[in-house]
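Student: predicted model and sequence follow; I will ask about them next.
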Amino acid sequence: MITLTNLQKTFPARGSGVPVQALADIDLTIGRGEIFGIIGRSGAGKSTLLRTINLLEKPTTGSVTVDGVEMTGLSAAELRQARHSIGMIFQHFNLLSSRTVFDNVALPLELAGVPKAEIRTAVEPLLDLVGLSDKRDRYPAELSGGQKQRVGIARALASKPKVLLSDEATSALDPETTTQILHLLADINRRLGLTIVLITHEIGVIKEICHKVAVMEGGRVIEQGPVFGIFAHPAHPTTRSFVDPVINRGMPDSLKERLSPAPQPGTNPVLRITFTGEKATSPVISAISRDLGLDLNIWHGQVDEIQGAPFGTLVVEALGDEAKVASAVEFLKSNHLGVEVLGHVPANH
Ligand SMILES: Nc1ncnc2c1ncn2[C@@H]1O[C@H](COP(=O)(O)OP(=O)(O)OP(=O)(O)O)[C@@H](O)[C@H]1O
């Protein structure tokens, strides 16, 4: 649906400053109907990247294709037309304070010259969709933040876009309202098959509704893939720093301090077992002690949920000889569970 190829963006130097390279070597493919999240710290290049999709920001080099249309080659009139299929919502909602809820949602249609009767037929179901039918004649100042964002969403949907860009749309909202807005976006994605690209600095937003994620740092995408895989096995340290607070893959500090990297006489290995999907509930621990005669001392365990699928980690000390431990590792792998040796601790500590 959206392909960004070899995208670069450099902002020219201001005054006596130096040019800023905001985007470098960006290659991203976003599939039709996906909710694609882009996460990164302040200044990573998220907004610039999002704004290149509708060409609010013109890339210095590279190509942007949306629904088969190469955006960088369009004339001004063609670009205006192409932007009808790309809606956008914003952190601070960007509503017109002098217009009612109905008139804010109707605005893009009025600007496109749609007749009044048609506007009414288009806007009313949208107000219904976002749960604001009873607020149609209210003004933005009379609405809560969550309600304002619902107006923003309805307005973005008015021109029946195929893509919705969300620029930190929940950053100004409290956690409960954030969840409601995210559920609304997920619902719209399912019902309308809309492709959603959202940027955020909050990992919870990605965890809640995204199918895929790209992590940005210094204008580059440092890691990307399906949310489940990235959360379960974050490869880059920055990704880990985002994921660790919400997915506890770790172990107690007291144990960490006692770990030594290599086995010594009289030490036991410490394993981290990761469970994903339906395997998260399979009784592997009892199978290992029963069938392989290896006792496992559980140090730390956690079962979480990513995108509705269970994801668990278990840190265990294996109380047995090397051969038994090797068979247990093989057994776990053959059951499609993740297993890694974290280190070794003195036995009987
Ligand atoms: N119009 C501009 N002119 C010059 N530099 C810019 C411009 N817009 C952005 N930048 C710079 O480009 C880099 C990326 O900015 P961008 O706003 O895309 O980051 P971000 O990840 O969205 O950050 P934030 O989360 O704080 O919004 C930053 O160094 C920023 O200062």
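Tutor: Perfect, thanks for sending it.

Student: okay, and the residue nearest to the spatial centre of the chain sits in which element?
Tutor: For the chain, Ile206 is the residue whose C-alpha lies nearest the centre (CA atoms, centre = their mean; 2.8 Å). If you go by DSSP states H and E, Ile206 is part of helix 203-209.

Student: if we can go back for a sec, quick check: the residue nearest to the centre of the chain touching Gly40?
Tutor: No - the criterion here is CB atoms under 8 Å, and Ile206 misses it with Gly40 at 11.0 Å. Where C-beta positions appear, they are placed from N, C-alpha and C, glycine not excepted.

Student: wait, what's in contact with the residue of the stretch 101-250 of the chain found nearest the ligand?
Tutor: When scored by CB to the nearest ligand atom, the stretch 101-250 of the chain has His201 as its residue closest to the ligand, at 5.5 Å. By CB atoms under 8 Å, 6 or more residues apart in numbering, the residues touching His201 are Ile39, Gly40, Arg41, Ser42, Lys46, Glu168, Ser171.

Student: before we move on, back to that, and whatever helix or strand comes next after the helix holding Ile206, which strands flank it?
Tutor: Proceeding N to C from helix 203-209, the next assigned helix or strand is strand 212-217, under DSSP H and E. Strand pairing for strand 212-217, determined by DSSP bridges: strand 35-40 (parallel), strand 220-226 (antiparallel).

Student: okay if I get the ones you listed as a markdown table plus distance to Val339 and mean neighbour count?
Tutor: Converted to a markdown table, the strands paired with strand 212-217 look like this (distance: least, CB to CB, whole Å; neighbours: other CB atoms under 10 Å):
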| stretch | distance to Val339 | mean neighbour count |
| --- | --- | --- |
| strand 35-40 | 28 | 26 |
| strand 220-226 | 21 | 17 |
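
Student: any chance of those in TSV, with distance to the ligand too?
Tutor: Shown next, in TSV, are the strands paired with strand 212-217 (distance: least, CB to the nearest ligand atom, whole Å):
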stretch	distance to the ligand
strand 35-40	5
strand 220-226	11
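
Student: tabulate those strands (JSON lines), appending mean pLDDT.
Tutor: Output for the strands paired with strand 212-217, formatted as JSON lines (pLDDT from 0 to 100):
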{"stretch": "strand 35-40", "mean pLDDT": "97"}
{"stretch": "strand 220-226", "mean pLDDT": "96"}
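
Student: let's have these in a markdown table, adding distance to Leu342.
Tutor: Listed next are these as a markdown table, based on distance: least, CB to CB, whole Å:
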| stretch | distance to Leu342 |
| --- | --- |
| strand 35-40 | 27 |
| strand 220-226 | 22 |
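
Student: that older thread, mind checking which of the contacts of His201 are buried?
Tutor: The neighbour-count test (16 or more other CB atoms under 10 Å) marks Ile39, Gly40, Lys46, Glu168 as buried among these.

Student: got those as a markdown table, with distance to Ser327 columns?
Tutor: Conversion of the buried ones among the contacts of His201 to a markdown table gives the following (distance: CB to CB, whole Å):
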| residue | distance to Ser327 |
| --- | --- |
| Ile39 | 40 |
| Gly40 | 43 |
| Lys46 | 47 |
| Glu168 | 50 |
